[in-house]
Each structure stands twice: as C-alpha cells, then as structure tokens.
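Engineer: Coordinates for the following, if possible.
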Amino acid sequence: MHVTELPDKSQDHLKAIFDLQEWGDGSATLGRIAERLGQRTSTTSEAIKRLAAKGLVEHTPTRDPHGDPIPDARGMVTVPEVFSLADAKLGDHFIIDRISDRDPALLRYLTTRGLLLGVTDEVLPRPYPELADLLFVDVSAEHADSAMKGEHVQLPVGSLGAVLCREVDNA
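Structural biologist: Numbering: from 1, shown residues only. Presented below is the predicted three-dimensional model:
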C-alpha cells in the first residue's frame with residue numbers, strides 16, 4: 001500500500017510524526033502528536049496502533065499517558081524504582097514518573113498545577129503543615145507551556161500520595 005492510499009487522517013498522523021522528528025527534537029511522543037493534531041492522546045494512540053499494524057510506523061509504547069507501565073510484546077513490564085511524593089523530604093529533587101488516574105478530579109487538579117510526567121521538582125519548606133511547596137527545577141520542551149521552570153506550586157499534603165517519583169539521575 002502506498003501512503004497516498006491511506007485515509008487523510010492517517011496521512012495527517014504520518015506528517016505530524018515526520019515534522020516532529022525532522023524539525024523538532026526528534027521525539028514524536030503521543031502527547032506531542034495529539035497536540036499538533038488537536039486530538040486526545042487516546043485517539044492518537046489508536047491511530048498510531050493502526051499505522052504500526054500496517055508497518056508504517058514503529059509503535060512500542062512502554063507507558064500509558066499517566067506513566068503506568070505497559071507490557072511489551074512478550075508480556076514483560078519494565079518498572080522503574082519509584083517513591084511516593086508524600087515521602088519526599090525537604091531539598092529532595094525528583095522526576096515525576098507516574099500520576100494516579102484513580103481519581104479523575106485529583107488527576108486534573110495535579111496536571112493543571114503543572115505536575116506532569118518527566119518534570120523535575122524540588123521539595124521546599126512547607127508554608128503550613130498541610131501544604132507542600134514544590135519548585136519546578138527542569139521542564140522539558142514538551143511541557144514548557146504547562147509547567148514553568150523556576151515556578152512554585154503549592155499542593156495539599158493529602159494529594160501527594162497520587163504522585164510517584166524517581167530519583168534524579170545525576171550521572
């Protein structure tokens with residue numbers, strides 16, 4: 001099958017992937033493709049799976065949109081060592097690895113505050129015992145509009161258990 005025989009939407013996905021790889025930083029993540037096409041990530045994921053089934057793209061996601069591991073073709077799962085944000089100590093630097101999607105309202109709350117996968121944060125002194133203060137230390141280009149480097153976010157301590165983090169690799 002030639003690419004021109006594909007439906008227009010499939011061609012749009014291929015063009016978005018090409019543009020992101022050719023003119024961007026080389027990473028055509030589901031989130032970036034969805035954003036470029038004005039779609040939900042789940043819609044983009046299904047489209048990419050169809051293109052992969054036709055051999056037009058390589059699609060081997062290892063994580064869902066909230067960071068939960070996805071088994072590979074052999075059923076193996078790679079799970080990084082993580083800790084709860086509730087256990088982070090003053091001065092700790094961490095990378096957000098997963099955000100629980102069990103409570104959709106809490107998930108929306110956390111993501112609108114800039115707690116996004118891959119963002120590096122630092123734990124600051126608490127202004128009040130039940131209020132955590134975090135500093136965005138490093139923000140990828142993918143999240144530059146949602147979480148700003150150097151910005152603070154304050155969260156209720158009760159919400160911290162919904163965020164799993166991994167240590168910053170200083171190597």
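Engineer: From the centroid of this structure, which residue is nearest?
Structural biologist: Centroid-nearest residue in the chain: residue 117, 3.6 Å away (criterion: Cα atoms, centre = their mean).
Engineer: so what's that residue up against?
Structural biologist: Neighbour list for residue 117: 63, 66-67, 96-99 [criterion: Cβ atoms under 8 Å, 6 or more residues apart in numbering]. All C-beta spots, glycine's among them, are computed from the backbone N, C-alpha and C.
Engineer: Name the member of the residues you listed with the most neighbours.
Structural biologist: Neighbour tally across these (other Cβ atoms under 10 Å): the maximum, 24 neighbours, falls on residue 96.
Engineer: Quick one: classify it as helix, strand or coil.
Structural biologist: Under DSSP: H, G, I helix; E, B strand; the rest coil, residue 96 falls in the strand class.
Engineer: Not counting sequence-adjacent ones, nearest residue to it?
Structural biologist: Spatial nearest neighbour of residue 96, chain neighbours left out: residue 119 (5.2 Å); criterion: Cβ to Cβ, 6 or more residues apart in numbering.
Engineer: Please parse the protein into its domains.
Structural biologist: Per automatic domain parsing, the structural domains of the chain span 3-53, 83-167.
Engineer: From residue 57, how far off is the residue nearest to the centre of the chain?
Structural biologist: Residue 117 is 22 Å from residue 57, where distance means Cβ to Cβ, to the nearest Å.
Engineer: How about residue 49?
Structural biologist: Counting by Cβ to Cβ - residue 49 and residue 57 are separated by 9 Å.
Engineer: tally of neighbours for residue 4?
Structural biologist: Residue 4: 6 neighbours (other Cβ under 10 Å).
Engineer: give the contact list for it.
Structural biologist: When contacts are counted by Cβ under 8 Å, 6+ apart, residue 4 touches residue 11.
Engineer: ok so it is a helix residue?
Structural biologist: Yes - assessed with three-state DSSP, residue 4 lies in a helix.
Engineer: And the pLDDT for it?
Structural biologist: Here the pLDDT value assigned to residue 4 is 75.
Engineer: circling back: my read is that the residue nearest to residue 96 contacts residue 134, right?
Structural biologist: No - in this structure residue 119 lies outside contact range of residue 134 using Cβ atoms under 8 Å: 9.5 Å.
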